[in-house]
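Asks: after the sequence you'll find the predicted model.
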Amino acid sequence: MNRQEFEDTARRYREELFRMYANQNVTPQPRPQNPRPAPPPPPPVQPAQKTVPALAAAEPPQDDLRRPEDFAPSSIPDTPAPPEPEAPPADAPEIPKRPYTGTIMVHVMTAQGARPVTGASVMITHTTNREPELISLQRTDDCGTIKPVTVPAPPPSADQRSPAYFTYNLSVQAPGYYREHSEDVPVFPNITSVQNFDLIPLPAGTGEPLPGGDITYYNQMRQY
């Protein structure tokens with residue numbers, strides 16, 4: 001074999017080798033990694049112990065249990081009933097009922113209420129069995145008023161259209177003025193009745209009112 005033949009044979013051999021390597025699937029091998037240490041195994045789980053309640057040890061034996069008939073109503077003591085109030089004796093005095101009262105206030109003025117009348121006599125009466133009964137007799141102060149007078153009154157009425165009241169008569173007299181009267185003044189229970197008087201001066205040179213010159217006012221309560 002000459003040199004030319006040797007080089008041709010070597011060239012074909014190299015080409016055949018390149019062809020063989022080209023047809024193979026070469027997969028690159030992964031690089032080795034440092035392995036991590038495995039975690040330690042968990043500790044073994046201990047089985048839960050059953051706890052015996054303390055009351056079980058104190059449970060009495062079956063022989064000491066009470067029977068249902070031990071709780072019969074006959075064995076339960078009765079609760080004593082409260083004592084009944086004693087009735088008052090027959091000869092005991094009755095408790096008087098609370099009396100109802102009203103109040104009367106009087107203002108005595110003149111000049112259409114512009115000036116009070118000092119020292120005027122105010123008389124309050126109540127008619128019982130057609131006989132007048134004196135309740136109060138006072139004189140007015142510098143303000144033309146008297147002290148409030150408390151008088152008896154009936155119990156309150158349940159019918160608002162027909163209220164209960166007692167009637168009283170008022171008379172006012174002052175020097176130099178006509179006498180004035182207010183008849184049948186209503187007084188209701190727990191209520192203050194205010195009466196205003198406006199005295200009229202006598203004519204000049206007259207010391208006493210003329211006969212029949214008194215002025216009388218009557219109750220104007222509306223009747224239903």
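Replies: Sure thing, it's come through. What you see is a predicted model; the values in this text were computed from it and never measured.

Asks: wait, a helix at R14?
Replies: Yes - with DSSP: H, G, I helix; E, B strand; the rest coil as the criterion, R14 is located in a helix.

Asks: got a pLDDT number for it?
Replies: Model confidence at R14, given as pLDDT, is 81.

Asks: which ones are touching it?
Replies: Neighbouring residues of R14 by Cβ atoms under 8 Å, 6 or more residues apart in numbering: there are none. The way it works is simple: take the backbone N, C-alpha and C, and place the C-beta from them, glycine included.

Asks: from G176, how far out is it?
Replies: Distance, R14 to G176, by Cβ to Cβ, to the nearest Å: 167 Å.

Asks: quick one: the strands in this protein?
Replies: With DSSP state E, the ranges of strands along the chain come out as 101-110, 115-116, 121-128, 131-139, 149-152, 166-173, 180-187, 192-199, 215-217.

Asks: could the ones you listed go into JSON lines alongside distance to P83?
Replies: What follows is the strands of the chain, written out as JSON lines (distance: least, Cβ to Cβ, whole Å):
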{"stretch": "strand 101-110", "distance to P83": "39"}
{"stretch": "strand 115-116", "distance to P83": "64"}
{"stretch": "strand 121-128", "distance to P83": "47"}
{"stretch": "strand 131-139", "distance to P83": "49"}
{"stretch": "strand 149-152", "distance to P83": "40"}
{"stretch": "strand 166-173", "distance to P83": "45"}
{"stretch": "strand 180-187", "distance to P83": "46"}
{"stretch": "strand 192-199", "distance to P83": "47"}
{"stretch": "strand 215-217", "distance to P83": "62"}
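
Asks: can I get those in a markdown table including mean pLDDT and distance to F18?
Replies: Converted to a markdown table, these look like this (pLDDT from 0 to 100; distance: least, Cβ to Cβ, whole Å):
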| stretch | mean pLDDT | distance to F18 |
| --- | --- | --- |
| strand 101-110 | 95 | 141 |
| strand 115-116 | 95 | 148 |
| strand 121-128 | 94 | 152 |
| strand 131-139 | 94 | 152 |
| strand 149-152 | 95 | 144 |
| strand 166-173 | 95 | 147 |
| strand 180-187 | 93 | 144 |
| strand 192-199 | 94 | 138 |
| strand 215-217 | 86 | 151 |
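
Asks: nearest to M20, out of those strands?
Replies: Closest to M20 of those is strand 192-199 (Cβ to Cβ; 137.9 Å).

Asks: E180 - how many residues pack around it?
Replies: 20 (other Cβ atoms under 10 Å).

Asks: for beta bridges, what are the partners of it?
Replies: V172, I215 (DSSP bridges).

Asks: thank you kindly, that will do.
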